[in-house]
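1. Just a sequence and a predicted model for now, questions to come.
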Amino acid sequence: MNLFTNNVFRQLVSRAVRTDYLENLTGFAWLILQPLILLAVYAFVFTTIFKARIPEAGPGGFVPYLAIAFWPWTAFSEAVLRSSNTISANAALIGKVAFPSELLPLSAVTATFLMNMLGYLAVLLVLQLMGAPIHWLGLIAALPVIVLLYLFASGLALFISALQVFIRDVSQILPPLMTFWFFTTPILYSSSILPEQFATLMKFNPMSWYVERLRDFLLLGNYQISPWDLVVPVITVLLFVAALKFFRKFSVHFEDFL
Amino acid sequence: METLVQLQGVSKFYPRVHRPRERLRAFASLMTGKQVLEGAEVLSDINLEITRGQSFGIIGENGAGKSTLLKVLTGVISPSRGSVQVNARVAALLELGAGFQPEFSGIDNVRMKAALLGMTTSQLDDQIDQILAFADIGEYVYEPVKHYSSGMVVRLGFAVVAASDPELLITDEVLAVGDESFQKKCIRWIESFLERGNTLLMVSHSMYIVQKLCRQALWLHEGRSRELGDVFPVTQSYLAYHEERSASERLQRRSLRGDGGLYQVSDFSLPGDSGDKDRSITYGENLEAELVLESPDGQAPVALFGVMRADGTPVYGVASDFDEITPERLDDTHFRFRICFDSLPLLPGSYSIRGHAMDPQGIRLCDTAELRFTVAGESREMGILRLPHTWKSSG
């Protein structure tokens, strides 16, 4: 990244943070409140109504088990959804100023992650105060996982935002897809309670690796890693590189389609 | 001379993408790597070379492709064919408040714009007072841009561009929005910018501004380069084109007079004519015309000469009987009139001259012939003709 791109990127990120979170009064509160409310609803439904039992939930019970996976998911899904239409939303800018347009989706992802990770830290703190045994040392191990998750979101954002320019329907298809993805990722449940064939299938979902690793590191204090843990990071990096290539190949034609 | 900009065979097609199916088809052809060569052709085969220190005006009608050409030059769009090379620090002001987000305050937008123009934060901090002074919009800089008038947006945009110290400045028709005093400020700035050896490329519909600021001009017509060269001949033929267009519209309404009487024009020429091209004289030269009239009854007819601008505006008319001229008799039925307009005061541009045949009493107009000529030269004087004048000094 040269100096020019760097400057523009910084401006775009600060702009995104301000418009999406700080400029409106409720923005920042909402950032914490919305997932908290959702978390409360899920916790109520699953612990009180369904009486879900998660064997390896650990001493804290269901709520911390859910919360630790829920925030990273929110950051990921919000980043992908927010960035998906950044190109069409900034058509005026793209048509008038020459700058690397990949900065638009990337800045949206970055802003979302920055803000949600602040929320994540706050939630970890609250959980600790509520008596859940958070492994703060696990943060050191969790950080690379979160960086990789950010890269994963960025790769998808680049791919989807470019595709959205050509196929407008992407904005309509994406939200239900993300909901589907949410329920097929072990966030509300553990993959261990699934029947064998579904558990195997779930191994192909990179998001299950992310949430399970974060739970291992932050909640269970399980820092064991195996060579298998390389698969998702490698896929993530490859996806990012391919998405960037895809984006750059098609970004020269954006103006024709906007 | 160092070449800053080089365009070779640049063409731009816009694919048809209005309906989802067309979008999908265009996208599919991109995926397979096929070039999209169907759709609207906005630019075709443009060649342009700009060296350091040049000032270039791009003129043309609405929809001629001027803005698209600027977009290609700034790298906002890539050409469908041909190559573009730009080796300079470019600052472009393509449209009112390009990159300005209406929700943000002026100062925030200045930061964004400065970053897009390649300024670092510390450079901006050094220049911010100058920028605000140049824009001169007072406390409004802290208001959201959506509350600005269009003139204020341009002020702010131009102020940032001026501060970014470009080597090549590219502007679209934006200065026209500012008020008189701001326009003058911008023109003064551009003049000093050019004096420092920098390069300018501008689109304008004001030939006055183009002639004032540019030394070269490109006339784009329907996406093609119609004329390229020194600013004066190019702007003059562009203006002449417009004058002729409005003249031809008028001619359709009112066909040439002349009621087919007895006396006819048998020959009309401007001595010095070079074949089939229009006669061209230099500003201030003499213009001679020669009219041969046919008079079947052997009586000497009256000749009337009229000079018009290319759009049909009459400039001057004179008949032989006003000056009591007897024509030269060539044979029984032919008479020759020769007239010379000494040091013709017409300003550079396109004109036509008509020779009329009138009856011997100078009452009925019988026949008309028309020739076109151009006056070439460089002059910033305005109007149709030069009025003799002297400046009186007050002391």
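-> Arrived safely, thanks for sending. Numbering: from 1, shown residues only, chains lettered A, B, ... in the order given.

2. Which helix or strand in the chain has the lowest average pLDDT?
-> Defaulting to chain A. When each helix and strand of chain A is scored by mean pLDDT, DSSP states H and E, helix A:25-43 comes last, with a mean of 74.

3. meant chain B, my bad for not saying
-> Lowest mean among helices/strands of chain B [mean pLDDT, DSSP H and E]: helix B:231-253, a mean of 74.

4. In its sheet, which strands sit next to the next helix or strand after that helix, and in what direction?
-> Going down the chain from helix B:231-253, the next helix or strand is strand B:264-269, by DSSP states H and E. Strand B:264-269 sits in its sheet next to strand B:287-294 (antiparallel), going by DSSP bridges.

5. Sketch out the low-pLDDT regions of the stretch 151-300 of chain B for me.
-> Across the stretch 151-300 of chain B, the ranges flagged by pLDDT under 70 are B:174, B:247-260, B:273-277.

6. Pick out the residue in it sitting closest to chain A.
-> Nearest residue of the stretch 151-300 of chain B to chain A (C-beta to the nearest C-beta) works out as B:Asp172 at 9.3 Å. C-betas here are computed from N, CA, C, even on glycine.

7. For that residue, which residues are in contact?
-> B:66-67, B:70, B:93-95, B:202-203 (C-beta atoms under 8 Å, 6 or more residues apart in numbering or on different chains).

8. One more pass at 10 Å, please.
-> Residues counted as contacts of B:Asp172 (C-beta atoms under 10 Å, 6 or more residues apart in numbering or on different chains) are A:96, B:58, B:66-67, B:70-71, B:74, B:92-96, B:98, B:201-204.

9. Among those residues, which ones are in helices?
-> Under the assignment DSSP state H, the contacts of B:Asp172 contribute A:96, B:66-67, B:70-71, B:74 to helices.

10. Which member of the residues you listed is positioned nearest A:Glu78?
-> A:Lys96 (28.4 Å; C-beta to C-beta).

11. distance of the closest one from chain B?
-> 3 Å (C-beta to the nearest C-beta, to the nearest Å).

12. same check, this time on A:Arg248
-> 12 Å.

13. can you tell me how far the residue lying closest to that residue once chain neighbours are set aside sits from chain B?
-> Using C-beta to C-beta, 6 or more residues apart in numbering or on different chains and skipping residues adjacent in sequence, the residue nearest A:Arg248 is A:Glu102, 6.9 Å away. Plainly put, A:Glu102 is 15 Å away from chain B if you go by C-beta to the nearest C-beta.

14. so A:Glu102 touches A:Thr5, yeah?
-> Yes - using C-beta atoms under 10 Å, A:Glu102 makes contact with A:Thr5 at a distance of 9.3 Å.

15. more neighbours, these two?
-> A:Glu102 (22 against 15; other C-beta atoms under 10 Å in any protein chain shown).

16. who's in contact with the more buried one?
-> A:Glu102 neighbours (C-beta under 10 Å, 6+ apart): A:5, A:9, A:86-87, A:154, A:157-158, A:161-162, A:243-244, A:247-248, A:251.

17. B:Pro360 too?
-> So B:Pro360 contacts B:262-263, B:295, B:297, B:299-302, B:321 (C-beta under 10 Å, 6+ apart).

18. Mind doing that once more with 8 Å?
-> B:295, B:299-302.

19. what ranges do the helices span in the stretch 1-150 of chain B?
-> B:20-31, B:66-74, B:106-116, B:121-135, B:150-163 (DSSP state H, counting those that start in this stretch).

20. what about the shortest one and chain A, any contact?
-> Yes - taking C-beta under 8 Å from any C-beta of the partner chain as the criterion, helix B:66-74 and chain A are in contact, through B:71, B:74.

21. Quick one: name the residues of chain A near chain B.
-> So chain A meets chain B at A:3-4, A:7-8, A:10-12, A:15, A:19, A:23, A:92-99, A:166-169, A:250, A:252-253, A:255-257 (C-beta under 8 Å from any C-beta).

22. from these, which would you call buried?
-> A:4, A:7-8, A:10-12, A:15, A:93-99, A:166, A:250, A:253, A:255-257 (16 or more other C-beta atoms under 10 Å in any protein chain shown).

23. hey, where'd the helices end up in chain A?
-> So, for chain A - with DSSP H - the helices run A:3-17, A:25-43, A:62-84, A:86-89, A:91-96, A:103-129, A:138-166, A:170-183, A:196-202, A:206-215, A:231-251, A:254-257.

24. Show the average pLDDT along the third one.
-> When pLDDT is averaged over helix A:62-84, the result is 91.

25. Show me what it is packed up against.
-> With contacts taken as 3 or more C-beta pairs under 8 Å, 6 or more residues apart in numbering or on different chains; DSSP states H and E, helix A:62-84 sits against helix A:25-43, helix A:103-129, helix A:138-166, helix A:170-183, helix A:206-215.

26. C-alpha coordinates for it, CSV please?
-> Taking Å, rounded to 0.1, in the frame of the first residue of the first chain, the C-alpha atoms of helix A:62-84 are listed here in CSV:
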residue,chain,number,x,y,z
PHE,A,62,-24.9,-21.3,27.6
VAL,A,63,-24.7,-17.5,27.6
PRO,A,64,-20.9,-17.1,27.4
TYR,A,65,-20.8,-20.0,25.1
LEU,A,66,-23.1,-18.3,22.7
ALA,A,67,-21.7,-14.7,23.2
ILE,A,68,-18.1,-15.7,22.3
ALA,A,69,-19.2,-17.0,19.0
PHE,A,70,-22.0,-14.5,18.4
TRP,A,71,-19.9,-11.3,18.3
PRO,A,72,-17.4,-12.4,15.7
TRP,A,73,-20.2,-13.7,13.6
THR,A,74,-22.0,-10.4,13.8
ALA,A,75,-18.8,-8.5,12.8
PHE,A,76,-18.4,-10.9,9.9
SER,A,77,-21.9,-10.9,8.6
GLU,A,78,-22.3,-7.1,9.1
ALA,A,79,-19.1,-6.5,7.3
VAL,A,80,-20.1,-8.6,4.3
LEU,A,81,-23.6,-7.1,4.1
ARG,A,82,-22.5,-3.5,4.6
SER,A,83,-19.7,-3.7,2.0
SER,A,84,-21.8,-5.6,-0.6
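
27. Please find the angle between the direction vectors of it and helix A:25-43.
-> 130 degrees (axes from the mean of the first three to the mean of the last three C-alpha atoms, to 10 degrees).

28. Report the angle between helix A:62-84 and helix A:138-166.
-> 30 degrees.

29. roughly how far is helix A:62-84 from the heart of the chain?
-> Mean-position distance between helix A:62-84 and its chain equals 5 Å (C-alpha atoms, centre = their mean, to the nearest Å).

30. burial count for residue 208?
-> Went with chain A since none was named. A:Ser208, neighbours per other C-beta under 10 Å, totals 20.

31. hmm, I had chain B in mind actually
-> 11.

32. Going by secondary structure, it is in what exactly?
-> Applying DSSP H and E as the criterion places B:Tyr208 in helix B:207-213.

33. Now do the SS call for B:Arg226.
-> Per DSSP: H, G, I helix; E, B strand; the rest coil, the local secondary structure of B:Arg226 is strand.

34. Skipping adjacent residues, who's closest to it in space?
-> B:Trp219 is the one closest to B:Arg226 (C-beta to C-beta, 6+ apart), at 4.7 Å.

35. Pull the contacting residues for A:Phe257.
-> Contacts for A:Phe257 (C-beta under 8 Å, 6+ apart) come out as A:165-166, B:15, B:17, B:23, B:26-27.

36. name the helices or strands packed onto the helix holding B:Tyr208?
-> strand B:55-60, helix B:180-195, strand B:199-203, helix B:231-253.

37. Now the ones you listed in TSV, please, with extra columns for distance to B:Gln361.
-> Converted to TSV, the helices and strands packed on helix B:207-213 look like this (distance: least, C-beta to C-beta, whole Å):
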stretch	distance to B:Gln361
strand B:55-60	49
helix B:180-195	55
strand B:199-203	56
helix B:231-253	28
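
38. Which positions in the stretch 1-150 of chain B make contact with chain A?
-> Residues of the stretch 1-150 of chain B lying near chain A (C-beta under 8 Å from any C-beta): B:14-15, B:17, B:20, B:23-24, B:26-27, B:30, B:36, B:71, B:74-78, B:90, B:92, B:94-95, B:98-99, B:101, B:103-104, B:108, B:111-112, B:115-116, B:118-121.
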